[in-house]
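Colleague: Need a 3D model of the following:
(chains A and B, ligands or ions: 4)
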Number of protein chains: 2
Amino acid sequence: MKGMMMDRPLSIPAIIDLAAEVHAKTEIVSVATEGGIHRTTYGDIHKRVAQLAHGLRALGVKPGDRVATLAWNGYRHFELYYAISGIGAVCHTVNPRLFPEQLVYIINHAQDTALFFDITFAPLIAALRPKLPEGLTYVAMTGREAMPAQEGLDGLLCYEDLLAGQPETITWPDLDENTAAALSYTSGTTGEPKGVLYSHRSQVIHAMTSVIGASRYFGMGKKILPVVPLFHVNAWALPYSAPISGTSLIFPGAKLDGASLFNLMDTEKVDNSWGVPTVWLGLLNEMNQRGRKPEGLTDVIIGGSAAPQPMIEAFERNFGISVCHGWGMTEMSPIGTFGMLSPEMERLPLDEKVALKVRQGRRLFTVDMKIVDENGRELPKDGVVFGELCVRGPAVASGYYNNEAATAQAIDSEGWFKTGDVAKITPDGFLQIVDRTKDLVKSGGEWISSIDLENAALGCPGVANCAVLAMPHPRWGERPLLIVVPRPDAKPAKEDILAYLATKVASWQVPDDVLFVENIPLTATGKISKLELRKTLKDYVLPSAA
Amino acid sequence: MKGMMMDRPLSIPAIIDLAAEVHAKTEIVSVATEGGIHRTTYGDIHKRVAQLAHGLRALGVKPGDRVATLAWNGYRHFELYYAISGIGAVCHTVNPRLFPEQLVYIINHAQDTALFFDITFAPLIAALRPKLPEGLTYVAMTGREAMPAQEGLDGLLCYEDLLAGQPETITWPDLDENTAAALSYTSGTTGEPKGVLYSHRSQVIHAMTSVIGASRYFGMGKKILPVVPLFHVNAWALPYSAPISGTSLIFPGAKLDGASLFNLMDTEKVDNSWGVPTVWLGLLNEMNQRGRKPEGLTDVIIGGSAAPQPMIEAFERNFGISVCHGWGMTEMSPIGTFGMLSPEMERLPLDEKVALKVRQGRRLFTVDMKIVDENGRELPKDGVVFGELCVRGPAVASGYYNNEAATAQAIDSEGWFKTGDVAKITPDGFLQIVDRTKDLVKSGGEWISSIDLENAALGCPGVANCAVLAMPHPRWGERPLLIVVPRPDAKPAKEDILAYLATKVASWQVPDDVLFVENIPLTATGKISKLELRKTLKDYVLPSAA
Ligand SMILES: Nc1ncnc2c1ncn2[C@@H]1O[C@H](COP(=O)(O)OP(=O)(O)OP(=O)(O)O)[C@@H](O)[C@H]1O
Ligand SMILES: Nc1ncnc2c1ncn2[C@@H]1O[C@H](COP(=O)(O)OP(=O)(O)OP(=O)(O)O)[C@@H](O)[C@H]1O
Ligand SMILES: [Mg+2]
Ligand SMILES: [Mg+2]
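Modeller: Ligands and ions are numbered 1, 2, ... in the order given. Have a look, this model is predicted:
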């Protein structure tokens, strides 16, 4: 028997409609690409979203068209999120930090019809243009007065011209909730980026479950600074979860160094801020130098790759900032788990609390998780056994856009998505990511977690950053190699590091060698690029294997 | 173009699965019908929900079957919510306070196959049984030791027997999210109760939107006491919204008088409590007598009928308890609006704050609202014009269960649900219920709001309770009659009340007469029954009309 309830769709533009009505005066503050601070409100931005939607239609954008953005975190990018999805087109956020070849690949693969970009990217776009689809419409996200005088961009349109004179209200089309709304490509950490095509339904459900799972960070009067970019999996849903809950958004623009973030948080009295581990290194540095935290900052939310134990501890112990460690994937919209602790856990001694926070938190509503062995058999959630993590839910990808090969590999026979992550799950529901399948060091019959080793090594004096790679070994199959970036003022010795590690991990897990480097290559989303590292080190041979 | 996301259903049992895993130790505390306090947790109750689900199947309950409950707020009732819906059957919560004829009507109309009842209702059930469907299975919600020794209940089953020996885990069937999950009948304030058939989708969406719209009341560490009964529109979604957000539930059982509520809130350190205006009279009395509020109580949420201005003010001014005034309907799952204020509004002087709170708050996400004139034309949301309120959304009824006549009347040509309420909507989104269409006093060309008049009269010294009815009038069509229950210690004079009102409302709105009564009849959900009042006063003639 069916219920007798209205068949009304979940819809992305309904979020901004609500915010404009119920949270009209709540602010969106942006560091503008043209310089200065731009302030608007949900009430006012709604009018511009409507104008932009009309402007997009005038430009010929049709339902189903992919419209690309290449832009920082700012109000115009936010407007594009709503206007593009609102008229039934697909908002394709492109990561400008990708290699030029990857940008060309992605924009051609998505067959975008228009490309909106921040003026900072004018030279990049001009350089890429010869390889981008013919007939692509180019729009600079600025006003007439700041239009870039870049050669090679003839026919360039101006964002503010698109809006000018358009009506400030709109009646959104009634879209089936499964209509495609947004497209994000994975980070390309393990290979070529793959496209995930979100629907209105998946985005709205995900926004709601993330507010519910992390309710402490959201609500009227709260201010969130997303360091995580709008071009990286919907900035972890914040452009949806903030307005749906009446939370203010503070967009940092292009300047993401520690000092800029500190100042912005300080003046805007940001409550909490979200980003990948690498961005927090800069902020922690800045806080150390100034001997204080930005005023009002109570929480940082860390995800995208493992938050190292020393980083969590530095926030908690030195500055009284509470860390929430989450885990997710582009394929999960992206949040899978959040590290909110129960009140009893919050009362634990700091060490125990930090140990809990090194884990990746607990699942959001609608996210089903299981771990399986190599044969796909489910393993117990006992906190000991680990296996490949598989997930399922209405905000999980059922495949990749125009990529049947990757799709076939990703979905198991029962319809679960195979994450490529190896994990344990504790009886009380905490996820602990052991490693990516591809990064695990398979040494003899045992597996060594590169994440655990990196966590341990980061606690070693003199180590600023590090990475562990599996290296071929004639006897053991693979053995770990530790790559270290020393602190500017330090010259840690290999022997000292290994001796330190021997006190932290089992002896058979201690790396076979340590290499010192000046920089570790990062992916476009700020993760350590083991792919790059492996390429650089393809001729390296472990001393123990020589 | 469709998104490429998994086609996974929203599901009610997924809520209790999540709570059992992520909020395992969060408590459900119940005043037991057998006496004493019963304590359990989401982790433990999950096992009993699984056992009950198996037990229901063993009893022959099939997907689509309606299973009725007649019970107070307690853990077994909560278990039934999940077990019945979880196996694809329909949880039909029946209001034991209805007149016996209405109970008989509803249970026959719903064609329930089983009836679960609290032992307090054994005599009632025995009396009704001859008129209830043949073959109905009767289950007393208690253990062997407390089974009622009531005549006329042969074949009565015992709830705990159903659970005993059943497995403590269950794999829920994969149900289409539009599957019927629950059935509630309207309060019967304006006529015969009508059945609303909720789906898994509507219940889950509504639970999520209500947590988001009232996030302050929910979350780990928070404790909610639902005075609003589980038999009254899903206790305003609390059995879903509390576990989905990790909030503790304190169930008061049968004792809802001021002293019992006060004591329970006080010992359990309840944070917030939800109920209709009439229940708060008792609590306010008790707080006045003790000269304090229950420890920890910060918020009360009032809805179901208009929260009178003096009641809101008493909570806020005398006890520092923040009032949230909401509006809803059985047909809306039921919450339509919530009165959460923005931080700026919270900083207003108390008088202005209270004035804002007399309004019914702002809409939840997914709830679309419009007001229309008699011809169905949309009216502006200017806070001045009023018209019939129409609503739309995935948690709004598309019709009534087995009641085509009522369905046809309720839905307009564009698919909106006509609420039967007359309202204004302010530009900043506040709903103000002027009256029910049926209760408005149509005097000459003007309309007088009975709610406004009642609000004003309740501020008059000596008035404990009151109601305004439209009475026929030869010249004006209708004129207002004020019916007053005096305070126990007071004998207010008609002239004084009318003189007082003349200072509060326009002169043409002042009632034509005042009648004093000892009691005002209430409906089964604690609302003033104007239907009853009208029956009692059918021969009454206004002095001005004589
Ligand atoms: N808190 C975390 N701890 C450990 N790993 C994490 C965490 N959060 C995310 N990750 C890693 O990031 C992955 C998801 O990242 P994302 O979707 O951005 O692309 P990617 O996996 O890095 O790139 P690609 O899929 O293209 O190789 C997860 O599968 C996991 O390996
Ligand atoms: N805060 C409020 N202020 C004024 N009226 C309210 C408020 N909350 C609810 N109501 C009234 O209650 C109605 C919904 O109540 P419910 O669904 O319990 O049944 P009912 O309308 O009282 O009964 P029936 O529909 O059977 O006549 C609304 O339509 C409205 O008239
Ligand atoms: Mg990946
Ligand atoms: Mg009604």
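
Colleague: When you work out contacts or count neighbours from here on, use the C-alpha atoms and nothing else.
Modeller: OK.

Colleague: Need phi/psi at residue A:349.
Modeller: Dihedral angles of residue A:349 (phi, psi; degrees, to the nearest 10) stand at phi -60, psi 150.

Colleague: try the one 3 residues further on
Modeller: In terms of degrees, to the nearest 10, the main-chain angles of residue A:352 are phi -70, psi -40.

Colleague: Would you mind pulling the contact partners of stretch A:457-476?
Modeller: The set of residues external to stretch A:457-476 that reach it, using CA atoms under 8 Å, 6 or more residues apart in numbering or on different chains, is A:308-310, A:439-444, A:450-451, A:453-454, A:478-487, A:489-492, A:497, A:500-501, A:520, A:528, A:530, A:534, A:541-542, A:544-545.

Colleague: List the buried residues for that stretch?
Modeller: By neighbour count, with 16 or more other CA atoms under 10 Å in any protein chain shown as the criterion, the buried positions of stretch A:457-476 are A:457-460, A:462-473.

Colleague: near ligand 1 too, which of those?
Modeller: With respect to ligand 1, and counting by CA under 6 Å from any ligand atom, no part of the buried residues of stretch A:457-476 is in contact.

Colleague: what about the nearest residue to residue A:193 once chain neighbours are set aside, how many residues close to it?
Modeller: Ranked by CA to CA, 6 or more residues apart in numbering or on different chains and with sequence neighbours excluded, the top spatial neighbour of residue A:193 is residue A:186, at 4.9 Å. Using other CA atoms under 10 Å in any protein chain shown, residue A:186 has 21 other residues around it.

Colleague: on that earlier part again, looking at the contacts of stretch A:457-476, which are in helices?
Modeller: A:309-310, A:450-451, A:453-454, A:497, A:500-501, A:530, A:534 (DSSP state H).

Colleague: which of those has the most neighbours?
Modeller: Of these, residue A:450 is surrounded by the most neighbours, 24 neighbours in total, counting by other CA under 10 Å.

Colleague: shouldn't that one be in contact with residue A:433?
Modeller: No: with contact defined as CA atoms under 8 Å, residue A:450 does not reach residue A:433; the gap is 10.6 Å.

Colleague: Using the record's assignment, carve chain A into domains.
Modeller: Using automatic domain parsing, the domain parsing of chain A gives A:11-216, A:255-396+A:415-437, A:441-545.

Colleague: For stretch A:30-39, measure first residue to last.
Modeller: Across its full length, stretch A:30-39 reaches 6 Å end to end, with CA to CA, to the nearest Å as the criterion.

Colleague: wait, stretch A:108-117
Modeller: Counting by CA to CA, the length from the leading to the trailing residue of stretch A:108-117 is 16 Å.

Colleague: cool, stretch A:154-169 as well?
Modeller: Using CA to CA, the end-to-end distance of stretch A:154-169 comes out at 32 Å.

Colleague: which residues touch that stretch?
Modeller: Stretch A:154-169 is touched from outside by A:46-52, A:54-56, A:137-144, A:147, with contacts defined as CA under 8 Å, 6+ apart.

Colleague: For ligand 2, give me its nearest residue in the stretch 351-500 of chain A.
Modeller: Residue nearest to ligand 2 within the stretch 351-500 of chain A: residue A:365 (28.6 Å; CA to the nearest ligand atom).

Colleague: and the closest residue to that residue other than its chain neighbours, how many neighbours does it have?
Modeller: Ranked by CA to CA, 6+ apart and with sequence neighbours excluded, the top spatial neighbour of residue A:365 is residue A:209, at 5.8 Å. For residue A:209, the neighbour count with other CA under 10 Å is 26.

Colleague: can I assume residue A:209 sits in a helix?
Modeller: Yes: residue assignment for residue A:209, taken from DSSP: H, G, I helix; E, B strand; the rest coil, places it within a helix.

Colleague: shouldn't it be in contact with residue A:364?
Modeller: Yes: using CA under 8 Å, residue A:209 is in contact with residue A:364, at 6.2 Å.

Colleague: Output the domains of chain A as CSV; include the columns mean pLDDT.
Modeller: Conversion of those to CSV gives the following (pLDDT from 0 to 100):
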stretch, mean pLDDT
domain A:11-216, 97
domain A:255-396+A:415-437, 97
domain A:441-545, 95
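
Colleague: can you list the ones you listed in a markdown table and add distance to residue B:18?
Modeller: Formatted as a markdown table, the domains of chain A follow (distance: least, CA to CA, whole Å):
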| stretch | distance to residue B:18 |
| --- | --- |
| domain A:11-216 | 11 |
| domain A:255-396+A:415-437 | 6 |
| domain A:441-545 | 28 |
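
Colleague: still on that earlier bit, for ligand 2, see how far away the residue nearest to residue A:365 is.
Modeller: In this structure, residue A:209 and ligand 2 are separated by 27 Å, where distance is defined by CA to the nearest ligand atom, to the nearest Å.

Colleague: How many residues are close by the residue of the stretch 351-500 of chain A closest to ligand 2?
Modeller: As a burial measure, residue A:365 scores 26 neighbours (other CA under 10 Å).
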